[in-house]
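> Pasted the sequence and its predicted model underneath.
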Amino acid sequence: MATAATKAAEPRMSDDAVKAKTGKAWAEWFKILDKAGARKMGHQEIVALLSQEHGVGPWWQQMVTVTYEQARGLRAKHQKPGGFQISVSRTLAASVSKVFKAWQDENTRKLWLLVPATGSPLTIRKATTNKSMRITWTDGKTSVEVLFSPKGTGKSQVVVQHSKLPDAKAAAHMKTYWAGALDRLKELVES
């Protein structure tokens, strides 16, 4: 059984894929970055090295850097520069309008979101009807972005990104929380 540390070190892309796009497999990149002293570099320094000295394109600069950081224990799964971030999504048999209203209307939201009793009420900072919502979570510190998109007649997708989480434990907890919340939302809007 793989541990959390082992899973974090496993590249998300195959050797074939990274080699096809960058000219080198993971082991080659790790050897190059180790030799360049990347274990002691910041994220942006590694990205600059890949760009300036190896001609790696922007998307692959990030992929190689993050994969290297995770493999070397410099970055945990879900970790971003401003903390940890998780994402959970669901496709629902309901219109975008109905799903958006279930988020926007406080009374409806209480039926499925089950916000923790501790902390402040959540604050909707910005909402673009049927498209997106930015929320300050009940802890007053973390941020939730909700994206809504149509997926054909009478279907939609909702994606929740919760960011600025303090650590991997909080990220895992919130990933589980949001999965349950979106399951309850699905049940409510599809009934």
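Alright, I've got the coordinates.

> Can you give the domain ranges for this structure?
Following automatic domain parsing, the chain resolves into domains at 4-77, 80-190.

> Any chance of JSON lines for those, columns mean pLDDT and mean neighbour count?
Where you see a C-beta, it was placed from the backbone N, CA and C, and this is true even at glycine. Shown next, in JSON lines, are these (pLDDT from 0 to 100; neighbours: other CB atoms under 10 Å):
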{"stretch": "domain 4-77", "mean pLDDT": "84", "mean neighbour count": "16"}
{"stretch": "domain 80-190", "mean pLDDT": "92", "mean neighbour count": "16"}
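
> can you give me the helices in this protein?
4-9, 15-22, 26-35, 43-54, 58-71, 96-104, 106-112, 168-190 (DSSP state H).

> Val88 is nearest to which of these?
The closest of those to Val88 is helix 168-190. By CB to CB, the value is 4.1 Å.

> tell me the angle that closest one makes with helix 96-104.
Here helix 168-190 runs at an angle of 130 degrees relative to helix 96-104 (axes from the mean of the first three to the mean of the last three CA atoms, to 10 degrees).

> For helix 168-190, name the packing helices and strands.
In terms of contact count using 3 or more CB pairs under 8 Å, 6 or more residues apart in numbering; DSSP states H and E, helix 168-190 is assigned the packing partners strand 83-92, helix 96-104, helix 106-112, strand 156-165.
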